[in-house]
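*Asks:* Take this sequence and fold it.
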Amino acid sequence: MTQTTTAVKQPVTPASIGARLDRMPITPMHRSLTAVIGIGLLFDTFENSLSGTIAKVLQDDFAFGATSLKLVLASVFIGQFIGALVLGRVADRLGRRRAFLINLAIYSGFSLLGAFSPNAEWLIVTRFLAGIGIGAEQSLSDCYLADVLPAAKRGRFIAWAYTIAFCGVPAVGFAALWLVPLTPLGVDGWRWLFVIGALGSAVVWVLRRRLIESPRWLAANGRTEEADVLVSRMEAQIPAGQAVEELPAGHETAVAGRTRLRDIFARGLRRRTVMLWIFCSLSVVGYYGFGTLAPQILAAKGYDIVAGLGFTALSFLGYPVGSALSLPIIDRIERKTLVALSAGAMVVAGMGFAFTDSAVLIVTFGFVYTLCSNVFSSVSHVYLSEQYPTAIRATASGMAYSLSKLSAAALPFVLLPVLDSYGPGALFGVIAASMVALAVTVLTLGERTTGVPVDQVSVSPDAPNTKWS
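*Replies:* Predicted coordinates:
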């Protein structure tokens with residue numbers, strides 16, 4: 001007599017979904033999702049660099065006064081502040097994939113309208129509305145990749161996405177250098193830059209329709225069967241014989257319970273929230289303070305528009321190079337330590353850029369600055385994505401990230417008067433002070449997150465396997 005044994009399938013829970021995702025090696029689906037997110041981020045960085053890169057051109061074309069120039073530079077960031085708040089909430093309520101499609105549709109449409117601006121007012125309004133669409137792009141991308149990538153490879157592959165993304169910065173620099181002096185089809189060259197950004201994001205919208213929903217988000221919202229199907233598809237792509245990662249004992253019981261948005265100020269998350277809000281508010285002073293104002297700084301040094309655009313484009317080559325250099329170290333050095341080190345390097349390079357008048361040294365220090373700033377940026381995006389439980393990750397991260405957009409909107413009103421009155425040295429002195437304050441905040445208040453599964457974030461400091469420093 002033969003006895004037949006039937007395997008009993010274990011119940012699917014949010015904890016088991018997270019554990020299976022974290023045990024996986026990198027599969028073709030992981031690579032595909034990272035590439036699609038990276039291409040979308042490329043047009044985000046194109047957009048974020050666009051206004052600053054051509055600000056001097058717009059100032060001459062529209063005869064901007066000082067206030068109009070500041071509003072053009074600030075308007076897109078004010079829109080992004082609103083977009084990061086609103087669309088982060090959409091991503092937690094309706095899903096990461098749906099939020100991606102909404103934000104790209106808004107950005108693409110209004111960026112295209114910006115190309116037809118007849119005056120400063122039209123340009124300011126369309127930049128503001130385009131900003132609403134693009135505002136959540138980076139925080140949504142960070143959260144999505146943190147959801148789907150295994151813990152041991154999370155930093156490296158988010159950095160890969162940003163390496164693709166930051167090719168958009170030199171792309172806008174060289175495109176501006178090429179198109180601004182021209183009038184293709186009788187249309188001002190700077191207007192074609194808006195068209196390129198709009199059409200590119202429309203292509204990304206089509207690509208992102210093929211994204212899977214985040215299995216962690218599905219599981220956290222009670223849709224465990226759908227999450228199980230997606231994770232099984234990913235597991236089916238693991239090559240035969242390839243081992244899965246071993247996770248620490250107890251991982252599947254370490255997932256936080258039901259989390260609400262107000263829990264960001266609960267005992268277990270309050271310190272993270274305070275650190276992130278300070279961090280996001282200060283980070284853009286160093287990052288966008290250079291990227292947005294570089295042409296203005298070069299004009300203050302006496303260089304004309306074409307020379308300034310050329311120096312800026314060459315300096316911007318450091319953005320993708322810096323992001324690529326972060327790849328081999330981002331999962332080996334503790335995140336908060338790498339944030340502080342790269343911020344310090346930005347201070348040194350920035351002061352060199354401020355006080356030299358040599359064309360060669362301007363490009364050299366500019367290149368080193370952008371290189372260091374993108375090591376800083378890549379690790380910052382990974383670090384931001386690791387701070388909150390899945391149920392509120394996009395909303396809470398979006399709230400913190402939105403503060404960076406509010407700070408970026410204030411930069412022209414704060415830094416341009418410093419530049420005009422006291423010169424590049426004083427401007428970079430303000431940037432240096434901000435980056436030092438940021439490094440101290442992260443080192444003293446930041447948690448250790450490298451290699452820690454994102455499911456282990458809890459509102460309770462007594463939760464197992466959660467590191468509290």
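*Asks:* got any ranges where the stretch 301-450 of the chain has weak pLDDT?
*Replies:* Along the stretch 301-450 of the chain, the parts satisfying pLDDT under 70 run over 305-306.
*Asks:* Just the CA coordinates for stretch 378-393, please, in CSV.
*Replies:* Backbone C-alpha positions of stretch 378-393 (Å, rounded to 0.1, in the frame of the first residue of the first chain) are rendered in CSV as follows:
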residue,chain,number,x,y,z
SER,A,378,22.6,58.5,-4.9
VAL,A,379,23.2,57.4,-1.3
SER,A,380,20.7,60.1,-0.1
HIS,A,381,17.9,58.6,-2.2
VAL,A,382,18.6,55.1,-1.0
TYR,A,383,18.7,56.3,2.6
LEU,A,384,15.4,58.2,2.2
SER,A,385,13.7,55.1,0.9
GLU,A,386,14.7,53.0,3.9
GLN,A,387,13.1,55.0,6.8
TYR,A,388,9.4,54.1,6.9
PRO,A,389,7.1,51.0,6.9
THR,A,390,5.5,50.0,3.5
ALA,A,391,2.0,51.2,4.4
ILE,A,392,3.2,54.9,4.7
ARG,A,393,6.5,54.8,2.9
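*Asks:* contacting residues for Phe413?
*Replies:* Lys70, Ala74 (CB atoms under 8 Å, 6 or more residues apart in numbering). Heads up, the C-betas are built off the backbone N, CA and C, glycines and all.
*Asks:* how many neighbours does Arg210 have?
*Replies:* Using other CB atoms under 10 Å, Arg210 has 10 neighbouring residues.
*Asks:* Okay, and the closest residue to it other than its chain neighbours sits in which element?
*Replies:* Setting aside the residues directly before and after it, Arg210 is nearest to Val36 in space (CB to CB, 6 or more residues apart in numbering), at 7.5 Å. When secondary structure is defined by DSSP states H and E, Val36 falls within helix 28-53.
*Asks:* Now do the helix or strand following that helix, average pLDDT.
*Replies:* Using DSSP H and E, the next helix or strand after helix 28-53 towards the C-terminus is helix 55-61. The predicted model gives helix 55-61 an average pLDDT of 74.
*Asks:* which outside residues touch helix 55-61?
*Replies:* In this structure, residues lying in contact with helix 55-61 by CB under 8 Å, 6+ apart are 51, 64, 69, 72-73, 123, 176, 180, 188, 190, 292, 295-296, 299, 305, 308.
*Asks:* This structure: strands as residue ranges?
*Replies:* Along the chain, counting by DSSP state E, no stretch forms strands.
*Asks:* Grab the most central residue of it for me.
*Replies:* The C-alpha lying nearest the average C-alpha coordinate of the chain belongs to Gln138 (CA atoms, centre = their mean; 3.6 Å).
*Asks:* quick one, what contacts that one?
*Replies:* The neighbourhood of Gln138, defined by CB under 8 Å, 6+ apart, consists of Leu41, Asp44, His381, Tyr401.
*Asks:* Mind putting these into CSV with distance to Val90 and neighbour count?
*Replies:* Rendered in CSV, the data for the contacts of Gln138 read as follows (distance: CB to CB, whole Å; neighbours: other CB atoms under 10 Å):
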residue, distance to Val90, neighbour count
Leu41, 18, 25
Asp44, 17, 24
His381, 20, 26
Tyr401, 14, 28
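*Asks:* What is the burial count for Val414?
*Replies:* 14.
*Asks:* How far off centre is the helix holding Val36?
*Replies:* Averaged C-alpha coordinates place helix 28-53 at 9 Å from its chain's average position (CA atoms, centre = their mean, to the nearest Å).
*Asks:* Please apply the same query to stretch 107-122.
*Replies:* Worked out by CA atoms, centre = their mean, stretch 107-122 lies 24 Å from the chain centre.
*Asks:* In it, which residues are buried?
*Replies:* Residues of stretch 107-122 classed as buried by neighbour count (16 or more other CB atoms under 10 Å): Tyr107, Ser108, Gly109, Phe110, Ser111, Leu112, Leu113, Gly114, Ala115, Ser117, Ala120.
*Asks:* Throw those into TSV and include pLDDT, thanks.
*Replies:* Converted to TSV, those look like this (pLDDT from 0 to 100):
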residue	pLDDT
Tyr107	89
Ser108	91
Gly109	93
Phe110	93
Ser111	90
Leu112	93
Leu113	94
Gly114	91
Ala115	90
Ser117	91
Ala120	84
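*Asks:* hmm, which two among those are most spread apart?
*Replies:* The most widely separated members of the buried residues of stretch 107-122, counting by CB to CB, are Ser108 and Ala120 (22.4 Å).
*Asks:* Check the spacing between the nearest residue to Ile134 once chain neighbours are set aside and Leu50 real quick.
*Replies:* Once flanking residues are discounted, Ile134 sits nearest to Tyr107: 4.3 Å by CB to CB, 6+ apart. Per CB to CB, to the nearest Å, Tyr107 is found 12 Å from Leu50.
*Asks:* what's stretch 418-426 in contact with?
*Replies:* With contacts defined as CB under 8 Å, 6+ apart, stretch 418-426 is touched by Leu293, Gln296, Ile297, Ala300, Lys301, Met351, Phe353, Ala354, Phe355, Leu427, Val430.
*Asks:* 6 Å instead?
*Replies:* Contact partners of stretch 418-426, identified using CB atoms under 6 Å, 6 or more residues apart in numbering, comprise Ile297, Ala300, Ala354, Phe355, Leu427, Val430.
*Asks:* Likewise for stretch 223-242?
*Replies:* Stretch 223-242 is contacted from outside by Val12, Ile17, Arg20, Pro25, Thr27, Pro28, Met29, Ile212, Pro215, Leu218, Ala219, using CB under 6 Å, 6+ apart.
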